[in-house]
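Engineer: please work out how this folds:
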Amino acid sequence: MQIGQYFCTLLVRRHKRAIRGGKRTVAEAKIERQSPSSGFPMRNASLPAEKLQRPECESLIDELNDVVAGGDDQQRLRILERVADLFAAGSRGYSSDQIALFDDVLRKLCADIEVKARARLARRMARIDNAPPKLVRVLAFDDAVAVAKPVLIHSRQLSDADLIENASTKSQDHLLAIAQRLKLSEPVTNVLVERGDRRVVNRVVRNTGARFSLAGYNKLTNMARRSRKLTLALARRSDLPRQTFLKLLETASAAVREELERSNPQAAEAIRDTIDDVATRVQQEAREASRRYAAALRDANRLFNAQPFTEANIHAHAHAQDFERTVIALVKLGPFPADLVERALLDKGEDMILILAKAAGCSWTTTKELLLMHIAERNLQPDNLARFFDRYKKLPRETARNIVNFYGQRVKLRATETDAAASPSAQAPPQRQ
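Structural biologist: Got it, this is the predicted structure:
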């Protein structure tokens, strides 16, 4: 290993000296006087100097000098492979300075070689943890995907900044390679979701090591309206926020509803009721399985036992963009069905928010915070808010409460009918053969 280290430094020192026209610095002259036969200071006195004078070492140095002086492509390719071999053989033992020297030499050597050779080099460097970082970056930004792909998928020498720049400027094939990395941070996946085509998006969603921001998940949920494959991939993610899952459920239910109604227009009302029932049950199951919702509910119950819920609780949680606690606060203040509150907060429309807020006796200030929650992506402008405020003022509180009560009675009636249909007495006896 030490021979490799010494040889690396010797190789690059002579390379640099060749560039300077053969002149040695004072420091180099002092060092080389300590080991005149090898041109490198002997760090281990027990290492024979003649080991550093192997013919292949001298041959490689001579070839490097020839290539730097203007060798042909074949010479450049041959010396590149030999220097790459040298680096790969001793990479774990090299210092940062020695790696930087390799970086400089290898980048110069691979500048004008053919794609196949660059691809071979990329495959070799991709899985070396301390591969020359500048070389890796050059390979990652190569227009040829065969070159860029191995390092984009495997190399640890690429920073988030490198990946973001690459994903922002390179081809969809480059993005697809990035989507396959073992781990991806939120800033990187934001770019992949924003710029990626269907292949890239589906691949990164299936990547269990990828992390998504809430904004990224919202965009993916909107994309899932047009893709059953993406909907299923999102639903399988263990880190999917509950509010995103509920929104995904709503969009999926709408898509299923449209498909069924087109196939059977006469049964449209029954189809809507059936799918709403399924969506409501899944929402309830999601709430019961959510640890964050359970923790928020415990905190709310503890607070409710100490003092009643007020509008201030809703305003604070809505302003903080805390979906779980906003749901619970509005449910407690109403009181309202939890699934109704969740759907209202997730729906892009404003009607149900205005009705619930008015029924709960909330001021316009709190109602506006509910409308501005990011999860629904309403993107409201001042003129929208002015129009909603006018409608909110004109809506009588009694009317709002009647609408909410009607919804609650309708849900209870459907639940009763469903239970009755599922009871053993309602089942037809099996036919005898």
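Engineer: care to break this structure down by domain?
Structural biologist: Domains of the chain are assigned by automatic domain parsing as 1-113, 291-419.
Engineer: comparing the ones you listed by mean pLDDT, which bottoms out?
Structural biologist: The weakest mean pLDDT among the domains of the chain belongs to domain 1-113, with a mean of 58.
Engineer: tell me which element the residue nearest to Arg206 when sequence neighbours are not counted falls in.
Structural biologist: With sequence-adjacent residues excluded and distances taken as Cβ to Cβ, 6 or more residues apart in numbering, Arg206 is closest to Ala233, at 5.4 Å. All C-beta atoms are positioned from the backbone trio N, CA, C, and that covers glycine. With elements taken from DSSP states H and E, the one containing Ala233 is helix 228-235.
Engineer: what of Phe336?
Structural biologist: Residue-wise, Phe336 maps onto no helix or strand under DSSP H and E.
Engineer: same question for Asn402.
Structural biologist: helix 397-422.
Engineer: repeat that for Val105.
Structural biologist: Per DSSP H and E: helix 96-109 holds Val105.
Engineer: and after that helix, which helix or strand comes next?
Structural biologist: Immediately after helix 96-109, counting by DSSP H and E, sits helix 115-126.
Engineer: what residues does that following helix touch?
Structural biologist: 77, 80-81, 84, 88, 106, 110, 131-132, 135-136, 139, 142, 144, 146-151, 153-155 (Cβ atoms under 8 Å, 6 or more residues apart in numbering).
Engineer: what do you get for stretch 187-203?
Structural biologist: With Cβ under 8 Å, 6+ apart, stretch 187-203 has contacts from 160, 163-164, 167-168, 172, 175-176, 178-180, 184, 204, 210-213, 215-216, 219-220, 223, 227, 229-230, 233.
Engineer: can you do 7 Å?
Structural biologist: 160, 163-164, 167-168, 172, 175-176, 178-180, 204, 210-213, 215-216, 219-220, 223, 229-230, 233 (Cβ atoms under 7 Å, 6 or more residues apart in numbering).
Engineer: list the buried residues for that stretch?
Structural biologist: 188-193, 196, 200-203 (16 or more other Cβ atoms under 10 Å).
Engineer: adding distance to Gly361, secondary structure and pLDDT, write those residues out as a markdown table.
Structural biologist: As requested, those are exported to a markdown table (distance: Cβ to Cβ, whole Å; DSSP: H, G, I helix; E, B strand; the rest coil; pLDDT from 0 to 100):
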| residue | distance to Gly361 | secondary structure | pLDDT |
| --- | --- | --- | --- |
| Val188 | 45 | helix | 97 |
| Thr189 | 41 | helix | 97 |
| Asn190 | 39 | helix | 97 |
| Val191 | 44 | helix | 97 |
| Leu192 | 45 | helix | 97 |
| Val193 | 40 | helix | 96 |
| Gly196 | 46 | coil | 96 |
| Val200 | 48 | helix | 97 |
| Val201 | 43 | helix | 96 |
| Asn202 | 46 | helix | 95 |
| Arg203 | 49 | helix | 96 |
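Engineer: isn't Ile375 right up against Ala344?
Structural biologist: No. Using Cβ atoms under 7 Å, Ile375 makes no contact with Ala344, being 11.1 Å away.
Engineer: give the buried residues for stretch 389-400.
Structural biologist: 392, 395, 400.
Engineer: before we move on, the earlier item: the helix holding Val105 - contacts with which helices or strands?
Structural biologist: Counting contacts by 3 or more Cβ pairs under 7 Å, 6 or more residues apart in numbering; DSSP states H and E, helix 96-109 packs against helix 2-19, helix 73-90, helix 133-140.
Engineer: go again with 10 Å.
Structural biologist: helix 2-19, helix 55-70, helix 73-90, helix 115-126, helix 133-140 (3 or more Cβ pairs under 10 Å, 6 or more residues apart in numbering; DSSP states H and E).
Engineer: got a list of what the nearest residue to Asp142 once chain neighbours are set aside touches?
Structural biologist: Sequence neighbours aside, Ala148 is the residue nearest to Asp142 in space, at 4.8 Å (criterion: Cβ to Cβ, 6+ apart). The contact partners of Ala148, by Cβ atoms under 10 Å, 6 or more residues apart in numbering, come to 118-119, 122, 138-142, 166, 170-171, 173-174, 177-178.
Engineer: good, we can wrap up now.
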